[in-house]
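K.L.:
Any chance you can model this:
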Amino acid sequence: MRQGEVLGSAVDDVDFAEGVVHIVRQVKLIAGRQVFALPKGGKTPTVPLPESVARSLEAHIARHAPTAVSLPWRSVDGSPVVASLLFANIEGRAVNRVVFNRVAWRPALDTVGITRGRENGMHALRHFYASVLLDAGESIKALSEYLGHHDPGFTLRTYTHLVPSSEKRTREAVNRAFDGGPDTDDGPTTAQGD
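P.N.:
Residues are numbered from 1 along each chain as shown. You can find the predicted model right below:
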């Protein structure tokens, strides 16, 4: 998720029973004022919710009840919309990304010795997610949908350096085919003349 989408996530967007998250809004800044808006590009993807993430989210909800927040929709003079946000500031309002980056994200980077910069912004978490999925063999098409991209070609161009090599995939595929298969106790055998 993009930072604004994380900050705009509401408890109703999470379907624990189905194991999915519906990304339906972001908290966006317009002339320094917060509004709710559709995610970037107007796409509202549904992404899988892994059990490990679901457990962490449930623990967060148990410690910090979702907070009903009202913001205008799409423009500063838009009609107010209420969402029970998963993440709110101590005043019970939507988290302002500029403030969050200044008082939480950047100091956290400093604490662990990571250089500040765009490559280490919250967007880096999105790239990490993409790399984990691609390394596990997820398709570019599915990743593109999860990331809310309009074009799988854009996703491929952006993340092609993370796609496992065909040699690695080939070795893993053959190993899976033979591991645990018949006659593998003594290792593979070769026919005469091979």
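
K.L.:
Strands of the protein, start to end?
P.N.:
With strands called from DSSP state E, the chain shows them at 14-15, 20-22, 26-30, 33-37, 46-48, 67-72, 80-85.

K.L.:
where are the low-confidence patches of the chain?
P.N.:
164-166, 180-194 (pLDDT under 70).

K.L.:
Which parts of it are helices?
P.N.:
Here the chain has its helices, by DSSP state H, at 3-7, 51-63, 97-100, 106-112, 123-135, 140-147, 152-159, 166-178.

K.L.:
Comparing those helices, which comes out most buried?
P.N.:
For those, the largest average neighbour count (mean count of other C-beta atoms under 10 Å) is found in helix 3-7, namely a mean of 22. The way it works is simple: take the backbone N, C-alpha and C, and place the C-beta from them, glycine included.

K.L.:
Find the nearest non-adjacent residue to the residue most central in space within the chain, please.
P.N.:
The centroid of the chain falls nearest to residue 1 when counting by C-alpha atoms, centre = their mean (3.9 Å). In space, and not counting its chain neighbours, residue 1 is closest to residue 23: 6.1 Å by C-beta to C-beta, 6 or more residues apart in numbering.

K.L.:
Could you report the distance from the one you found to residue 87?
P.N.:
Distance, residue 23 to residue 87, using C-beta to C-beta, to the nearest Å: 14 Å.

K.L.:
any idea which of the strands of the chain is most buried?
P.N.:
strand 33-37 (a mean of 21).

K.L.:
elements contacting that one?
P.N.:
When contacts are defined as 3 or more C-beta pairs under 8 Å, 6 or more residues apart in numbering; DSSP states H and E, strand 33-37 packs onto strand 26-30, strand 67-72.

K.L.:
so can I have a markdown table of the ones you listed showing distance to residue 39?
P.N.:
Formatted as a markdown table, the helices and strands packed on strand 33-37 follow (distance: least, C-beta to C-beta, whole Å):
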| stretch | distance to residue 39 |
| --- | --- |
| strand 26-30 | 5 |
| strand 67-72 | 15 |
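
K.L.:
With respect to residue 168, which of these lies nearest?
P.N.:
strand 26-30 (35.7 Å; C-beta to C-beta).

K.L.:
The closest one: how far from the chain's middle?
P.N.:
18 Å (C-alpha atoms, centre = their mean, to the nearest Å).

K.L.:
Partner strands of that strand, with direction?
P.N.:
strand 33-37 (antiparallel) (DSSP bridges).

K.L.:
Let's see the partner strand as PDB, backbone CA atoms only.
P.N.:
Provided in PDB are the C-alpha atoms of strand 33-37 (Å, rounded to 0.1, in the frame of the first residue of the first chain):
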ATOM      1  CA  ARG A  33      -5.400  20.100   4.100                       C
ATOM      2  CA  GLN A  34      -6.400  16.400   4.400                       C
ATOM      3  CA  VAL A  35      -9.100  14.800   2.400                       C
ATOM      4  CA  PHE A  36     -10.200  11.300   1.700                       C
ATOM      5  CA  ALA A  37      -9.900  10.300  -2.000                       C
END
